[in-house]
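Participant: coords below, sequence missing:
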Ligand code: TXE
């Protein structure tokens, strides 16, 4: 049994009140999690650490990020084991996606910091230069689907720019954040630079967002929670970055190369059991290749291995959408029920015959469920792709028209003939109900700093 503790001011702190961390694989209790409701101590520690941390040079902080990357990499199998234990995802996904990309996040921002150019604007008689000051104490709140990957995506640039941190992993998946805390403490990261608090979102998460001395909130999670976070933070004029839900479309045009499209769209459908905000849960296929695509897709699906979804509650939600799809007149082409074994398992499910405006096809399910729709023209495909409240990502599969169609999709990111191909320098984020702001490369640097202009009159 693992005992998760909070990390406050360099000390691991246990609380009297704890709750169970349940494995989605078999519903066994794998850890005890402190039920934190108060973040005042963590904020005091983070404030105390701020002058020292922000007083280091950018290059010194880059060295710290490299040290963390190296230490995580040295323990990469353990990171993957813990992530797989906590989320139920297959070990190879935990290793190749979560653990590897967590290491990459630290290493990327270390190198990015070393190459960060200063910004200067010359006038005839004066020079302006931009100072990037830390925001201060920042609150980082992350979800359960890619626990350390998404948290490190926030921690690395926040540290780089000289901020000190109150981080809160999801109450469903605290193990790798706890491990990262141990790694950083062992490395001697100064006390209070990284504080990690655990507990329920409406309690400790809300306390972070409400705390007046936490000056920026970077949040990844559900759209409904995002609304609460935004409403709470706005009156205090906190900087806010919200990465929220998605209902992304995969558009398969008439000239798609099915040899790459079928495995690519399948991966976009079901990687991480469909629990990635970028997953392509609506598949739009041109009528001329519809039958061919579906038969190949369903055939390859038979060999696609997935883990359970995150919890029994989440499975209930996902199953309710499969029921809704049936009520809305959908036809289940594959899956649709739960395998007969313990744990939060659901078969990968493919549903056809629904309107692209149905609830099943427009609401975020966040599980191994996709809907397939047929279109006759590219204009119709674009109209269907843009017909939800979300606008996070999308993919277009075509030999000749990918770029043209990609530019017409109302979302923050579009891939052409690929999916989840990530360059960490590019802007990451959504439009409409998928969020506010961008992270990645210079966008993260901008979010986690205050740009101050200094204008100097020349003699
Ligand atoms: O996320 P929550 P949930 C979607 C997906 C899923 C739905 C709900 O559709 O079914 O959201 O999932 C913390 N103040 N996504 O309920 O609640 C919470 O503790 C501050 C999409 O698990 O949004 C956790 O750390 N924080 C998504 C984090 O917010 C609060 C990933 C996310 O949890 C809070 C996950 C509050 N009032 C779910 N309430 C994506 N975009 O990747 C909760 N939290």
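Facilitator: Structure received. All figures in this text were calculated on a predicted structure; none of them were measured in a lab.
Participant: What is the three-state secondary structure of the residue positioned nearest the centre of the chain?
Facilitator: Central residue check for the chain by CA atoms, centre = their mean: the C-alpha nearest the mean position is that of residue 150, 4.6 Å away. Three-state call for residue 150 (DSSP: H, G, I helix; E, B strand; the rest coil): helix.
Participant: Could you pull up the residues touching it?
Facilitator: 142, 143, 220 (CB atoms under 8 Å, 6 or more residues apart in numbering). Where C-beta positions appear, they are placed from N, C-alpha and C, glycine not excepted.
Participant: Go ahead and confirm the second one touches residue 221.
Facilitator: Looking back up the chat, that one is residue 143. Yes - using CB atoms under 8 Å, residue 143 is in contact with residue 221, at 4.6 Å.
Participant: model confidence over stretch 108-120, on average?
Facilitator: For stretch 108-120, the mean pLDDT works out to 97.
Participant: for stretch 217-229, same thing?
Facilitator: 98.
Participant: Straight-line length of that stretch, end to end?
Facilitator: By CA to CA, to the nearest Å, the extent of stretch 217-229 from end to end equals 9 Å.
Participant: re the thing from before, of the contacts of residue 150, which is the most crowded?
Facilitator: With neighbours taken as other CB atoms under 10 Å, the top of the contacts of residue 150 is residue 142, carrying 26 neighbours.
Participant: Run a quick neighbour tally on the closest residue to the ligand within the stretch 351-459 of the chain.
Facilitator: Closest contact between the stretch 351-459 of the chain and the ligand, by CB to the nearest ligand atom, is at residue 366 (3.6 Å). Residue 366 sits with 25 neighbouring residues when counted by other CB under 10 Å.
Participant: So it is in contact with residue 247, correct?
Facilitator: No - between residue 366 and residue 247 there is no contact under CB under 8 Å: 9.5 Å.
Participant: overlap in contacts of these two?
Facilitator: Joint contacts of residue 366 and residue 247 (CB under 8 Å, 6+ apart) do not exist.
Participant: Tell me how far the helix or strand hosting residue 140 lies from the chain's centre.
Facilitator: Secondary structure from DSSP states H and E places residue 140 in strand 137-141. In terms of CA atoms, centre = their mean, to the nearest Å, the gap separating the centre of strand 137-141 from the centre of its chain is 15 Å.
Participant: near the ligand, anything from it?
Facilitator: Yes - for strand 137-141, a contact with the ligand is found by CB under 6 Å from any ligand atom, at residue 141.
Participant: what sits up against that strand?
Facilitator: 43, 46-47, 50, 151, 154-155, 158, 163-168, 201, 205, 208-209, 211, 213-221, 229, 448.
Participant: Tell me which strands that strand pairs with, and in which orientation.
Facilitator: strand 164-168 (parallel), strand 214-220 (parallel) (DSSP bridges).
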